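Trainee: no FASTA, just this:
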């Protein structure tokens, strides 16, 4: 049975469901990504959880979020 990994990080700049769609589309395109869930926080840092079957590099996540037009929040900003 394959192992799954869950990664949670923050994304700044998302304001609506369309924003969620763009980020979800870009992250889902990454190799190994099985599921993406977004908890939208308008005007704040939205929480994004990615389930994958292999570790994802910070660079790959940052590039996907950037491609969607948003900014990966600094680590620890969800606390």
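Mentor: Noted; the coordinates are in hand. Just so you know, these numbers come straight off a predicted model, no measurement behind them.

Trainee: Now do the end-to-end distance for stretch 8-22.
Mentor: 17 Å (Cα to Cα, to the nearest Å).

Trainee: Give the buried residues for it.
Mentor: Residues of stretch 8-22 classed as buried by neighbour count (16 or more other Cβ atoms under 10 Å): 9, 10, 11, 12, 13, 14, 19, 20, 22. In this view, the C-beta of every residue, glycine as well, is placed from N, C-alpha and C.

Trainee: go on, stretch 64-79?
Mentor: Per 16+ other Cβ under 10 Å, stretch 64-79 contains these buried residues: 64, 65, 68, 70, 72, 73, 78.

Trainee: next one: stretch 23-41
Mentor: Buried, per 16+ other Cβ under 10 Å, within stretch 23-41: 23, 24, 26, 27, 30, 33, 36, 38, 40.

Trainee: List the ones among the buried residues of stretch 8-22 that fall in helices.
Mentor: 19, 20, 22 (DSSP state H).

Trainee: from these, which is closest to residue 51?
Mentor: residue 20 (16.1 Å; Cβ to Cβ).
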